[in-house]
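Student: Using only what follows, build the 3D model:
(one chain, ligands or ions: 1)
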Amino acid sequence: MKKCMMLRLILICCCVCSFHQAYCWGFYGHKRINFLAVFLLPPEMLVFYKQHIRYLEEHAVDADKRRYAVPQEGPRHYIDLDKYGDYPFSELPRNWREAVDKFGEDSLNAHGIAPWWISTMLSRLTSAFSEKNSARILKLSADLGHYIADVHVPLHTSSNHDGQHTGQKGIHGFWESRIPELLAEQQWDLLTSRAQYLDKPAAFIWDRVLESALASDSVLKIEKKLSQKFPADQRFSFENRNGAIIRQYSSAYTIAYDREMNGMVERRMRSAILAVASCWYTAWVNAGQPSLRQLSQPGWDEAERAELEQIQTAWQKGEILGREH
Ligand SMILES: [Zn+2]
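Tutor: Numbers count the residues shown, from 1 in each chain. A predicted model of the protein is given here:
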């Protein structure tokens, strides 16, 4: 009896852990997106990016870790478009200045600023290319990849971001972490065309954001419908992960949900990879296509090292600042 109680207690603890930190494509998805984006680049860029592919992969999740250390970080990862009326949300100006004039900066921040933040990061990356600053190119590429990937997740454009208003808590991690972790490696074809030059990068990003917003209703409705016909006792399973027992959506339920969405997660991930590569490429072209062949090895200064250490420690403490999304 005692043993049984103990086991239940361990499982409950594990459940709490398993849903914590399950945001923004999950760590697996972000790392994969930055990694695969490298292979869509032209040879002049590949020569540098391939050399540092492990950095781009590993630091694809710094932006999420920063949410535990920097209060302003949170809103950069999402935008609650449903706060601005109905699709295509015409009352929200796409231009930052016009949006600030209309709604005020505090209100915009409260509902997320992801598309505008991506434009800021893109221009910073362009400057880093112009300066041929290899450390900044890598850091900004890794971060930019993260934010672009985030806006490809439908629930990053909805205020019901974790199904909390519709009794579907946990759906955020289900869609963006559990599904790709289970299916991407074995079944998905994530590489398509080469990076494209973007004439109007801001408009391109808004288009991706609107696609996500359009899909967010289906993400919620399809799971709701499936949960009503799928046997309740088979929706979750306990699985061993790195020696710890965790409660998660069962493989059968995950596969069924993915099937009902007709490949949506795979399509959004593929689109994210292409968008990341295209934005890196566009920044490089706009900087005048500087040669990356003889860039010096990145030198991380004291301030950068300290920042990385700070976000790592804050993340390990696990206390997110501001709203989770
Ligand atoms: Zn994120």
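Student: For the closest residue to the ion within the stretch 51-200 of the chain, which non-adjacent residue is closest in space?
Tutor: In the stretch 51-200 of the chain, the residue that lies nearest the ion is His77 (3.7 Å; C-beta to the ion). No exception for glycine: its C-beta is placed from N, CA and C like everyone else's. Closest residue to His77 in three dimensions, ignoring its sequence neighbours and counting by C-beta to C-beta, 6 or more residues apart in numbering: Asp150, at 4.9 Å.
Student: Check whether stretch 159-169 comes near the ion.
Tutor: No: Stretch 159-169 does not reach the ion (C-beta under 5 Å from the ion); its nearest approach is 11.4 Å.
Student: next one: that stretch to chain centre, how far?
Tutor: Distance, stretch centre to chain centre, for stretch 159-169: 18 Å (C-alpha atoms, centre = their mean, to the nearest Å).
Student: how about it: buried residues?
Tutor: Ser159, Asn160, His161, Asp162, Gly163, Gln168 (16 or more other C-beta atoms under 10 Å).
Student: what sits against the residue nearest to His77?
Tutor: Cys24, Trp25, His77, Tyr78, Ala114, His156 (C-beta atoms under 8 Å, 6 or more residues apart in numbering).
Student: same check, this time on Val219
Tutor: Pro154, Leu155, Ile171, Trp175, Met261, Met264.
Student: Would you check how far apart the fifth one and the ion are?
Tutor: The gap separating Met261 from the ion is 21 Å, by C-beta to the ion, to the nearest Å.
Student: The helix or strand bottoming out on mean pLDDT in the chain: what's the following helix or strand?
Tutor: Sorting the helices and strands of the chain by mean pLDDT, DSSP states H and E puts helix 2-19 at the bottom, at a mean of 42. Counting by DSSP states H and E, the element after helix 2-19 in chain order, helix or strand, is helix 26-37.
Student: what's that next one in contact with?
Tutor: For helix 26-37, the surrounding residues in contact (C-beta under 8 Å, 6+ apart) are 24-25, 53, 56-61, 64, 141-142, 145-146, 149, 173, 176-178, 180-181, 184, 190-191, 195, 269, 272-274, 276-277, 280.
Student: as a whole number, average confidence for it?
Tutor: What helix 26-37 shows for mean pLDDT is 94.
Student: how far is it from where the chain is centred?
Tutor: Computed by C-alpha atoms, centre = their mean, the chain-centroid distance of helix 26-37 equals 9 Å.
Student: Remind me what whatever helix or strand comes next after that helix packs against, helices and strands.
Tutor: Using DSSP H and E, the next helix or strand after helix 26-37 towards the C-terminus is helix 43-49. When contacts are defined as 3 or more C-beta pairs under 8 Å, 6 or more residues apart in numbering; DSSP states H and E, helix 43-49 sits against helix 134-150, helix 264-286.
Student: Would the first one count as contacting the ion?
Tutor: Yes: applying C-beta under 5 Å from the ion, one finds that helix 134-150 is in contact with the ion at Asp150.
Student: Send me that helix as PDB with only the CA atoms.
Tutor: C-alpha atoms of helix 134-150 as PDB (Å, rounded to 0.1, in the frame of the first residue of the first chain):
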ATOM      1  CA  SER A 134      31.000  36.400 -36.600                       C
ATOM      2  CA  ALA A 135      30.000  36.100 -33.000                       C
ATOM      3  CA  ARG A 136      27.000  38.500 -33.600                       C
ATOM      4  CA  ILE A 137      26.100  36.800 -36.800                       C
ATOM      5  CA  LEU A 138      25.800  33.500 -35.000                       C
ATOM      6  CA  LYS A 139      24.000  34.800 -31.900                       C
ATOM      7  CA  LEU A 140      21.500  36.700 -33.900                       C
ATOM      8  CA  SER A 141      21.000  33.900 -36.400                       C
ATOM      9  CA  ALA A 142      20.200  31.500 -33.600                       C
ATOM     10  CA  ASP A 143      17.800  33.900 -31.900                       C
ATOM     11  CA  LEU A 144      16.100  35.000 -35.200                       C
ATOM     12  CA  GLY A 145      15.600  31.400 -36.100                       C
ATOM     13  CA  HIS A 146      13.800  30.900 -32.800                       C
ATOM     14  CA  TYR A 147      11.400  33.800 -33.100                       C
ATOM     15  CA  ILE A 148      10.500  32.900 -36.700                       C
ATOM     16  CA  ALA A 149       9.800  29.300 -35.700                       C
ATOM     17  CA  ASP A 150       7.500  30.500 -32.900                       C
END
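Student: what's the offset of that helix from the middle of its chain?
Tutor: Here the centre of helix 134-150 is set off from its chain's centre by 12 Å, with C-alpha atoms, centre = their mean.
Student: quick one: average pLDDT of the following helix or strand past it?
Tutor: Sequence-wise, the next helix or strand downstream of helix 134-150 (DSSP H and E) is helix 171-173. Per-region confidence: helix 171-173 scores 94 on mean pLDDT.
Student: where are the low-confidence patches of the protein?
Tutor: When residues are selected by pLDDT under 70, those of the chain lie in 1-24, 320-325.
Student: now the closest residue to Ile79 other than its chain neighbours: how far from His156?
Tutor: Distances taken as C-beta to C-beta, 6+ apart place Gly112 nearest to Ile79, at 3.9 Å, with adjacent residues excluded. Per C-beta to C-beta, to the nearest Å, Gly112 is found 8 Å from His156.
Student: Cheers, nothing more for now.
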